[in-house]
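S.K.: Starting from these lines, generate the structure:
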Amino acid sequence: MSWVYEARLYESKSVASYVAMCLKDDHLLRGSHGVNVQVYRTSRGNYGVRYRSEA
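M.R.: Reported below is the predicted structural model:
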């Protein structure tokens, strides 16, 4: 399955990591356990969050 990118970029890696944690927790509460969430860095130095289901 392909990556789904969150629309917003963050200046801080810690904020992006917090968003990733909340996103993963949200998927776990819905019952989908096979989700892969990553924090990535853009070429301009901002951070983003992407995820995909591993099913």
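S.K.: Every contact and neighbour count from this point should use C-alpha atoms.
M.R.: Noted.
S.K.: What strand or helix carries the residue lying farthest from the centre of the chain?
M.R.: Note on the chain: the largest separation between a C-alpha and the mean C-alpha position, by C-alpha atoms, centre = their mean, falls on residue 44 (18.3 Å). Secondary-structure element containing residue 44, defined by DSSP states H and E: none, the residue being outside all helices and strands.
S.K.: In the protein, where is pLDDT below threshold?
M.R.: Per-residue confidence of the chain (counting by pLDDT under 70) places the weak regions at 55.
S.K.: contacts for stretch 25-37?
M.R.: Outside stretch 25-37, the residues within contact range by C-alpha atoms under 8 Å, 6 or more residues apart in numbering are 20, 23-24, 49-55.
S.K.: List buried residues within these.
M.R.: 20, 23-24, 49-51 (16 or more other C-alpha atoms under 10 Å).
S.K.: Show me what the residue positioned nearest the centre of the chain bridges to in the sheet.
M.R.: With distances taken as C-alpha atoms, centre = their mean, the chain has residue 49 as the residue nearest its mean C-alpha position (3.4 Å). Beta-bridge pairing of residue 49 under DSSP bridges involves residue 39.
S.K.: Give me the distance between it and residue 11.
M.R.: Note on residue 49: its distance to residue 11, by C-alpha to C-alpha, to the nearest Å, is 12 Å.
S.K.: how about the buried ones among the contacts of stretch 25-37 in TSV, adding distance to residue 1?
M.R.: Output for these, formatted as TSV (distance: C-alpha to C-alpha, whole Å):
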residue	distance to residue 1
20	18
23	18
24	17
49	16
50	12
51	10
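S.K.: tell me which of the residues you listed is nearest to residue 2?
M.R.: Using C-alpha to C-alpha, residue 51 comes nearest to residue 2 of the buried ones among the contacts of stretch 25-37, at 8.6 Å.
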